[in-house]
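In: here you go, sequence then predicted model.
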Amino acid sequence: MEWKTLLSADRERGNSNRQKSTDLRSEFEKDYHRIIGSASFRRLQDKTQVFPLDKSDFIRTRLTHSLEVSSLGKSLGQNIGENILKYRRNSGFTPQMKEDISHILECAGLIHDIGNPPFGHFGETAIREWFQRRLPELTFCGKKVEDMLSGQMKQDLYHFEGNAQALRLVTKLHYLVDEHGMNLTYALLNTIVKYPVPSTGIDPESGNIKDKKMGYYLADEKIFQRVTQATGAGNNRHPLTYILEAADDLAYKTADIEDAFVKGFITYYILEKELAPLEAELRQSEKEGRMDYWFKPLEKLHQLYERGKAKNISNPESYAVKNWIVSAQGFLISCATFGFTSNYDRIMAGTFQHDLFHGTFGEKLMDLLGDMAYRYVFSSMAIYKMEVSESAILDYLMEKLVQAVLYYDTDIKQNTIDTRVVSFISDNYKNAYKLQAKGKKEEEKLYLRLLLVTDYVCGMTDSYAKRLYQEMNGIV
């Protein structure tokens, strides 16, 4: 793969030359303004990161998380771009390319979660499980829907994925000017495809991170192929995808700990206890001369606690934890930078199979933070209770909407209620459906109508999904 093609500024609609003399922005800077001005981006302010419908003004939403990923991604892009230039890792790499990489990653961070449904990652699970449970029972004109759909169509639904939905949303569903959605650059579109495989190509056992999940629906296969052909990435991960993923992982694993601390799931003393075994392991490695760690997590936490006491901070535990998060992020940024630059040739050849923290000093800390979030937060009774409520909301909406769209846009007359339920769906989504369904066989149209439901549900905020559920059930 070559940077000259990887940083493709081409778009589906093409680039306009109007106002060329007065508009000094690069094509990737233009992407930024298209994104932040979109309704889809604004909706992220009312979508869950960890704690659904939380009333605190501190706890992160999908919007604040995306802003953090955007910032971290840009910083990583600057670090890595400078490293490529300084050590001449690629003779064709220019200072302008470094700037372009930073802008692309800044934009990719903003939209990497834009396709996610309400209620966080649990929302994805609820939609997948609804299809796995109910699709085999659905019928259309006396035929089993499952028998009418192709293998890939069924797998698209059974493996519903927010990452694939993001590509679909920004290329087709954001119907502002025409059918090309936000009409973003190909380099940016390729960067957000974390898993460049179809649903039929998923293989978690392959050992290659790119095969873990699907990256695009059958309905969006052609746009995926046009994008990857233009960038030259093909079925490999775009190099910038590794950086985006590292920024995402870094942001949510550190932020989850901070949010959990503020909500009372984790205390200073719990963090202290959890870091102790890792600190002991690191010190043993140093003693044996295997590694020299410049960031010692427990030692840093203690230092910050003592600094808080010296400053007469009323809550030195809070001071220590929040400042420790900042220090840990700085350390992990360095680790991700090293992960990319030390594996540069394999990344550019498309043969690197891991995330950027793999094999670095930060790998064990990242693993510990993720494990802590799972044990203290995600498997807690409070979160389980919320997820049961969220499941009831999404199951009901999926049931009503799928039944309503089965005979939409067919010669068979819908009943009164189904007609009204379909009317709830945004005209943007219905227009996108009609454009894609034009000239298609009935089986393909049926598949697209099922995607119409997931399009609508994924466009919902947490509050809207809850409110619609209540209104449809007569709950005032």
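Out: In hand now; what should we look at?

In: C-alpha only now, for contacts and for neighbours.
Out: Fine.

In: excluding its backbone neighbours, what's nearest residue 59?
Out: residue 259 (5.8 Å; Cα to Cα, 6 or more residues apart in numbering).

In: what helix or strand is the one you found located in?
Out: helix 239-263 (DSSP states H and E).

In: list the buried residues of the helix or strand following that helix.
Out: Counting by DSSP H and E, the next helix or strand C-terminal to helix 239-263 is helix 268-287. Buried residues in helix 268-287, counted by 16 or more other Cα atoms under 10 Å: 268, 271, 272, 275, 278, 279, 282, 283.

In: now swap in stretch 223-233 and tell me
Out: Per 16+ other Cα under 10 Å, stretch 223-233 contains these buried residues: 223, 224, 225, 227, 228, 230, 231, 232, 233.

In: closest one to residue 405 out of these, please.
Out: The shortest gap between residue 405 and any of the buried residues of stretch 223-233 belongs to residue 223, at 25.1 Å (Cα to Cα).

In: please give the element, helix or strand, for that closest one.
Out: helix 221-231.

In: for the most centrally placed residue in the chain, which residues are in contact?
Out: The residue lying closest to the centre of the chain (Cα atoms, centre = their mean) is residue 113, at 3.5 Å. Residues near residue 113 by Cα atoms under 8 Å, 6 or more residues apart in numbering: 62, 66, 162, 163, 166.

In: rerun at 7 Å
Out: Applying Cα atoms under 7 Å, 6 or more residues apart in numbering to residue 113 gives the contacts 163, 166.

In: now the element after the lengthiest helix in the chain, going C-ward?
Out: When the chain is scanned for its longest helix (criterion: DSSP state H), the result is helix 316-342. Using DSSP H and E, the helix or strand that follows helix 316-342 towards the C-terminus is helix 344-349.

In: give me the residues contacting that next one.
Out: With Cα under 7 Å, 6+ apart as the contact definition, helix 344-349 has outside contacts at 1, 239, 352.

In: please save the CA atoms from stretch 451-461 in CSV.
Out: Coordinates of each C-alpha in stretch 451-461 appear next as CSV, following Å, rounded to 0.1, in the frame of the first residue of the first chain:
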residue,chain,number,x,y,z
LEU,A,451,-32.3,-2.8,6.8
LEU,A,452,-34.7,0.1,6.7
VAL,A,453,-35.7,-0.9,10.3
THR,A,454,-32.2,-1.0,11.6
ASP,A,455,-31.5,2.3,9.8
TYR,A,456,-34.3,3.9,11.7
VAL,A,457,-33.5,2.3,15.1
CYS,A,458,-29.8,3.2,14.8
GLY,A,459,-30.8,6.8,14.1
MET,A,460,-32.7,7.0,17.4
THR,A,461,-31.2,8.6,20.5
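
In: I'd like to check what contacts stretch 395-406. Which residues are they?
Out: 130, 140, 418, 419, 421, 422, 446, 449, 450, 453, 469.

In: change it to 6 Å
Out: residue 418 (Cα atoms under 6 Å, 6 or more residues apart in numbering).

In: and it, what's buried?
Out: Buried residues in stretch 395-406 (16+ other Cα under 10 Å): 395, 397, 398, 400, 401, 402, 403, 404, 405, 406.

In: take the residues you listed and lay them out in TSV including pLDDT, distance to residue 360 and secondary structure.
Out: Putting the buried residues of stretch 395-406 into TSV (pLDDT from 0 to 100; distance: Cα to Cα, whole Å; DSSP: H, G, I helix; E, B strand; the rest coil) gives the following:
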residue	pLDDT	distance to residue 360	secondary structure
395	97	42	helix
397	97	44	helix
398	97	43	helix
400	97	48	helix
401	98	47	helix
402	97	46	helix
403	96	50	helix
404	96	51	helix
405	96	49	helix
406	96	50	coil
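
In: what about the strands in the stretch 1-150 of the chain?
Out: For the stretch 1-150 of the chain, applying DSSP state E, counting those that start in this stretch gives strands covering 139-140, 143-144.

In: so for the last one, mean pLDDT?
Out: Okay, so that is strand 143-144. Computed over strand 143-144, the mean pLDDT rounds to 94.

In: what strands flank that strand, and is each parallel or antiparallel?
Out: For strand 143-144, the paired strands and their directions (DSSP bridges) are strand 139-140 (antiparallel).

In: centre of the chain versus the strand it pairs with, how much separation?
Out: 33 Å (Cα atoms, centre = their mean, to the nearest Å).

In: could you list the domains of this structure?
Out: 266-379, 383-472 (automatic domain parsing).

In: start to end distance for the shortest one?
Out: Read it as domain 383-472. End-to-end distance of domain 383-472 (Cα to Cα, to the nearest Å): 25 Å.

In: got it, and the first one?
Out: Between the opening and closing residues of domain 266-379 we find a distance of 13 Å, counting by Cα to Cα.

In: relative to residue 340, how far out is residue 90?
Out: 14 Å.

In: the more surrounded of those two?
Out: Higher neighbour count among residue 90 and residue 340: residue 340, with 24 against 13, using other Cα atoms under 10 Å.

In: so the more buried one versus residue 84, what's the distance?
Out: Going from residue 340 to residue 84 by Cα to Cα gives 10 Å.

In: and residue 272, by the same measure?
Out: Residue 272 is 38 Å from residue 84, by Cα to Cα.

In: ok, residue 4 next?
Out: 14 Å.

In: those two: which is more packed in?
Out: More crowded of residue 4 and residue 84, by other Cα under 10 Å: residue 84, with 19 against 13.

In: which residue sits closest to the more buried one, ignoring its sequence neighbours?
Out: In space, residue 84 is closest to residue 90, 6.7 Å off (Cα to Cα, 6+ apart).

In: cool, residue 414 as well?
Out: residue 407 (6.2 Å).

In: in contact with the nearest residue to residue 131 once chain neighbours are set aside, which residues?
Out: Take residue 131 and drop its neighbours on the chain: the residue closest to it by Cα to Cα, 6+ apart is residue 158, 5.8 Å away. Residue 158 sits next to 128, 131, 132 when contact means Cα under 6 Å, 6+ apart.
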